[in-house]
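**Q** I would like to see how this sequence folds:
(2 chains)
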Number of protein chains: 2
Amino acid sequence: MQRIESHQSFAGRQEVWQHDSTTTHIPMKFGIYLPPKAIVGEACPVLYWLSGLTCNEQNFITKSGFQQFASQYNIIVVSPDTSPRGENVANDSAYDLGQGAGFYVNATQEPWATHFQMYDYIVDELPDLIEKNFPTNDKRGIFGHSMGGHGALLVGLRNVDRYTSISAFSPIVAPSQVPWGHKAFSAYLGEDKRLWANYDSLEWMKQSAKRKHLPILIDQGKADEFLMEQLKPQLFEKSAKLVNYPITLRLHEGYDHSYYFIASFIKDHFEHHAKALEN
Amino acid sequence: MQRIESHQSFAGRQEVWQHDSTTTHIPMKFGIYLPPKAIVGEACPVLYWLSGLTCNEQNFITKSGFQQFASQYNIIVVSPDTSPRGENVANDSAYDLGQGAGFYVNATQEPWATHFQMYDYIVDELPDLIEKNFPTNDKRGIFGHSMGGHGALLVGLRNVDRYTSISAFSPIVAPSQVPWGHKAFSAYLGEDKRLWANYDSLEWMKQSAKRKHLPILIDQGKADEFLMEQLKPQLFEKSAKLVNYPITLRLHEGYDHSYYFIASFIKDHFEHHAKALEN
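**A** So this is what the prediction gives:
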């Protein structure tokens, strides 16, 4: 494991590391923010950020302004890449398939299956790596944006004993039902819809009546260009009501799908997670 | 004048506009943040941000996190490009000369003189344009980073009746004495050192004993890779002491030259300017 960037930031450090992944079989990069307490070796909780289509580990760490609040609450924040990358990794010329578009699933179909094992990477390998190498305690939260909002809801709802809290900006809540998810799941998983359901947070919400409930916050801009066709948060809200799962869904007048939206409300997401992570 | 971007941000709007400049004779872009009061038409003060080498109007608006504080203090923030740009504009293959490296001077030498009139653009044309088209009052502040820190100190010290306050991150305080400035001033202004002095904030500081004093805040990272060779804030502090000009120079352990440094202390710069702009 090799540190390739380190910048002092809000009395902590924003770093970028690269490691040889045993899950995706390719070197992977991730960002990690170490707040002031972690810098002096005190164990801190970890919040995992999953980015959206086309992003790598840089977008969130340069554009969201999250470090101000990670510093304030002394939370370690880890921001992985959205897929394996490289010349020898399968790709597609479209922005919404292949490199930059891993969709946080374990691909079963060729040419993707060799490297596109992002679900296991996010759920198992990355937390193991972080917890072995940085001063962490046993509390984990997860959040993300758009495709990464899908990832955060999916990973959190499937692993309620591993995470304490979930949040999302502008998430794809029902990938099996919208064009982005349909295209990606067909390519990575084939046409067996039972397999798709394993990676669809709406399906996990439907099954969650008797499972542990984590606090969930979702923020969505009403001027988001993808709201009606790709995101559809009302589907998630409706399913949550049916199983009596309390979630907070906030719709914000005027806001679009960009990092300007994320930056405007990132403070609230840290308050949401800090409550759960500090218990 | 044409609006090419508009994003809701912290209850205000981050916009990007393009206009045909009569000073640089080429279309120029600028960012403008309109805080909540400006959105409803109330007159607000304006803070001008000048960026550093290689930057355009995007860097500050996507990476600094300033909108949080511009919203809080209801200050309009304008972030111009650092030079004229385009296929028909003179350029150099180096990152520190030509497009992206205007150094906020009026070039007298060819091939630069036709378009590289950034001093007049920043001091005259851009404020006129902003004040005719947006709800401004008569208060202006100026700040910037690196080459833009030089620009902010220069423009503020040369025009003490037009600005109320100055601040800078990691500024080039004495361009005539360091490699970046020496290269740029030779190319744009020729070898007449009297002309260089007109664009050197250290020279303006030396002449400021009997001129109006504006509040000046300078933040500098001690781990900045350009500190010793290019920036030299101690020269500025020494000259300020000699003429009894009170300035605040803060040196910060561990911080580098990046936007992670700017984001960490941008709040303090808004507090500094707000005090002056609200009087």
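
**Q** starting at the chain centroid, how far to stretch A:60-79?
**A** Computed by CA atoms, centre = their mean, to the nearest Å, the separation of stretch A:60-79 from the middle of its chain amounts to 14 Å.

**Q** meant to ask about stretch A:268-279, not that
**A** The answer for stretch A:268-279 is 16 Å, by CA atoms, centre = their mean.

**Q** Determine whether any part of it lies close to chain B.
**A** No - Stretch A:268-279 stays clear of chain B (CB under 8 Å from any CB of the partner chain), getting no nearer than 12.3 Å. C-beta here means a position set from N, CA and C on the backbone, and glycine is covered the same way.

**Q** hey, where'd the helices end up in chain A?
**A** Secondary structure of chain A (DSSP state H): helices located at A:36-39, A:58-63, A:67-73, A:118-120, A:126-133, A:147-158, A:179-189, A:193-198, A:201-206, A:233-242, A:259-277.

**Q** Could I get the ones you listed in JSON lines, plus columns for mean pLDDT?
**A** Shown next, in JSON lines, are these (pLDDT from 0 to 100):
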{"stretch": "helix A:36-39", "mean pLDDT": "98"}
{"stretch": "helix A:58-63", "mean pLDDT": "98"}
{"stretch": "helix A:67-73", "mean pLDDT": "98"}
{"stretch": "helix A:118-120", "mean pLDDT": "98"}
{"stretch": "helix A:126-133", "mean pLDDT": "98"}
{"stretch": "helix A:147-158", "mean pLDDT": "98"}
{"stretch": "helix A:179-189", "mean pLDDT": "98"}
{"stretch": "helix A:193-198", "mean pLDDT": "96"}
{"stretch": "helix A:201-206", "mean pLDDT": "97"}
{"stretch": "helix A:233-242", "mean pLDDT": "97"}
{"stretch": "helix A:259-277", "mean pLDDT": "98"}
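
**Q** most packed of the ones you listed?
**A** Across the helices of chain A, averaging neighbours per residue (mean count of other CB atoms under 10 Å in any protein chain shown) puts helix A:147-158 on top, at a mean of 28.

**Q** Show the end-to-end separation of stretch A:69-84, please.
**A** Across stretch A:69-84, the terminal residues are separated by 29 Å (CA to CA, to the nearest Å).

**Q** how far is it from where the chain is centred?
**A** 10 Å.

**Q** Same check on stretch A:214-233?
**A** Centroid separation for stretch A:214-233 versus its chain: 15 Å, with CA atoms, centre = their mean.

**Q** CA atoms only for it, dumped as CSV, please.
**A** Output of stretch A:214-233 as CSV, limited to C-alpha atoms (Å, rounded to 0.1, in the frame of the first residue of the first chain):
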residue,chain,number,x,y,z
LEU,A,214,-30.7,2.0,10.5
PRO,A,215,-31.3,5.8,10.4
ILE,A,216,-31.6,6.8,6.7
LEU,A,217,-31.4,10.4,5.4
ILE,A,218,-32.0,11.1,1.7
ASP,A,219,-31.6,14.6,0.1
GLN,A,220,-32.9,15.2,-3.4
GLY,A,221,-32.9,18.4,-5.5
LYS,A,222,-36.1,19.2,-7.2
ALA,A,223,-34.3,20.7,-10.2
ASP,A,224,-32.2,17.6,-10.7
GLU,A,225,-32.2,16.7,-14.4
PHE,A,226,-32.3,13.0,-13.6
LEU,A,227,-35.0,13.0,-11.0
MET,A,228,-37.9,11.7,-13.0
GLU,A,229,-36.3,9.2,-15.2
GLN,A,230,-33.4,7.7,-13.2
LEU,A,231,-33.7,8.5,-9.4
LYS,A,232,-37.4,8.2,-8.3
PRO,A,233,-37.0,8.6,-4.6
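
**Q** mind listing what's buried in it?
**A** Neighbour counts over stretch A:214-233 (16 or more other CB atoms under 10 Å in any protein chain shown) mark A:214-221, A:224, A:226-227, A:230-233 as buried.

**Q** Of these, which is the nearest to chain B?
**A** Checking the buried residues of stretch A:214-233 against chain B with CB to the nearest CB, the nearest one is A:G221 at 7.2 Å.

**Q** in the sheet, who's paired with that closest one?
**A** Per DSSP bridges, the residues bridged to A:G221 are A:H252.

**Q** In strands only, show me the buried residues of stretch A:214-233.
**A** A:216-221 (DSSP state E).

**Q** Any idea which residue of the stretch 101-250 of chain A lies closest to chain B?
**A** In the stretch 101-250 of chain A, the residue that lies nearest chain B is A:A223 (6.7 Å; CB to the nearest CB).

**Q** Which pLDDT value belongs to the residue located most distally from the centre of chain A?
**A** Distance to the chain centre peaks in chain A at A:V40, reaching 27.2 Å (criterion: CA atoms, centre = their mean). At A:V40, the model reports a pLDDT of 98.

**Q** Now do the contacts for A:E42.
**A** Contact analysis of A:E42 by CB atoms under 8 Å, 6 or more residues apart in numbering or on different chains lists A:74, A:135.

**Q** go with 7 Å
**A** Applying CB atoms under 7 Å, 6 or more residues apart in numbering or on different chains to A:E42 gives the contacts A:P135.

**Q** How much space separates it from B:V123?
**A** Using CB to CB, to the nearest Å, A:E42 is found at 50 Å from B:V123.

**Q** and what of A:E15?
**A** A:E15 sits 41 Å away from B:V123, going by CB to CB.

**Q** If anything else comes up later, I'll come back, but that's it for now.
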